[in-house]
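**Student:** Need coordinates for the following:
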Amino acid sequence: QWELVIIDDGSTDETPAIIQRYRDPRIRTFRHDNRGLSATLNRGVSLARGQYFAFLPSDDVYEPDKLTVQVEVLEKNPTVGIVFSRQTVIDAQGQSTAEKQVQSWFEVSFTTKEEIFPALFERDFLSTPTHLLRMECFARVGLFDESLVTTQDYDLWLRILRYYDIRLLFQSLVQMRWHEHNQTRNVTPQTEQERATVLLKAFRALSIEEIFPSLAGIHKQEYPEAFAQAYLTLARYTLRSGLATMVPVARLYLTQALACRRGLLVPEELQPLLEASTSLRKMNIPPAVEVDEKNTVPPLALMAGSEE
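**Tutor:** So this is what the prediction gives:
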């Protein structure tokens, strides 16, 4: 069973007349003056009566089995809070398009939360029209952030993953329309500023154990290599975001990695961070080279950095 809640956010076209053509008790329609996407989505959440929730942009299309497939995943996996899928990209006329930039943005091979969560610090590769989430997620993490204009979904995904598992299905369950009038098609200073806001918010809120579930319940002193690699992974993804605001965050993650494992092999893409910081370069000197009493690195970090 399903319900469709249609909210007309102050449209000025023929939307009301088109909506009235559909006579089905499962369809409920509402209208308000233009409030913006986030406020409209939050009204939709308050009106929804089901166990699961999804919102569909007005120009995208569900495949007939979309809800059936995803509800089954959620029913069988109680720790999963949200499930996504692949999509078929179509143009304004509804024809399949092979626009490579769009396809490559969403085509990732990740299958686990351990892979997906840190990679979101680079970009939001989760296709919004494909999602289905548990209504209980809103009670746990809150509603859509109404201060955000274009990245309210990205922000919600990061907050949900703090507490829930995720599934990314490789089956195409949505036709996503991509054309010149897409609101999120073009990168602007505003979209980049919002993306930075979302990532900084996540950086401040999330612990390393929440981003990498395999680290939960173990101690950094006992498994320094595992923590070092996790911080290094976050440094790489954060730097790849291309946001100047996030460079200090990437540097901090690299610092934490080196504090866990002195003498860590730093990948080439992070070398500019290392070369720009004298303190980081000193931290990356293997302990066998620098073992005098002036060494400020804690003993456990020295032990973790020893070479065989």
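**Student:** in the stretch 201-308 of the chain, which spans are strands?
**Tutor:** Counting by DSSP state E, counting those that start in this stretch, the stretch 201-308 of the chain has no strands at all.
**Student:** any low-confidence regions in it?
**Tutor:** Residues of the stretch 201-308 of the chain meeting the criterion pLDDT under 70: 285-308.
**Student:** For the stretch 51-200 of the chain, which segments count as helices?
**Tutor:** 66-76, 100-106, 113-119, 136-141, 152-161, 189-205 (DSSP state H, counting those that start in this stretch).
**Student:** can you give me the offset of the third one from its chain's centre?
**Tutor:** Helix 113-119 has its average C-alpha position 9 Å from the chain's average C-alpha position, going by Cα atoms, centre = their mean, to the nearest Å.
**Student:** do the fifth one as well
**Tutor:** Here the centre of mass of C-alpha atoms in helix 152-161, compared against the chain's by Cα atoms, centre = their mean, lies 6 Å away.
**Student:** Please apply the same query to the shortest one.
**Tutor:** On the basis of Cα atoms, centre = their mean, helix 136-141 sits 17 Å off its chain's mean C-alpha point.
**Student:** Show me what it packs onto, helices and strands only.
**Tutor:** Packed against helix 136-141, as judged by 3 or more Cβ pairs under 8 Å, 6 or more residues apart in numbering; DSSP states H and E, are the following elements: strand 80-90, helix 152-161. Bear in mind the C-beta positions are built from the backbone N, C-alpha and C, glycine included.
**Student:** Give me the contact list for stretch 224-233.
**Tutor:** For stretch 224-233, contacts defined as Cβ atoms under 8 Å, 6 or more residues apart in numbering pick out 118, 208, 211-212, 214-215, 218, 220, 253-254, 256-258, 260-261, 264, 266-267, 270, 300-301, 303-304.
**Student:** Now with 6 Å, please.
**Tutor:** Residues outside stretch 224-233 that contact it (Cβ atoms under 6 Å, 6 or more residues apart in numbering) are Pro118, Ile208, Phe212, Lys220, Tyr253, Gln256, Ala257, Cys260, Arg261, Leu264, Ala304.
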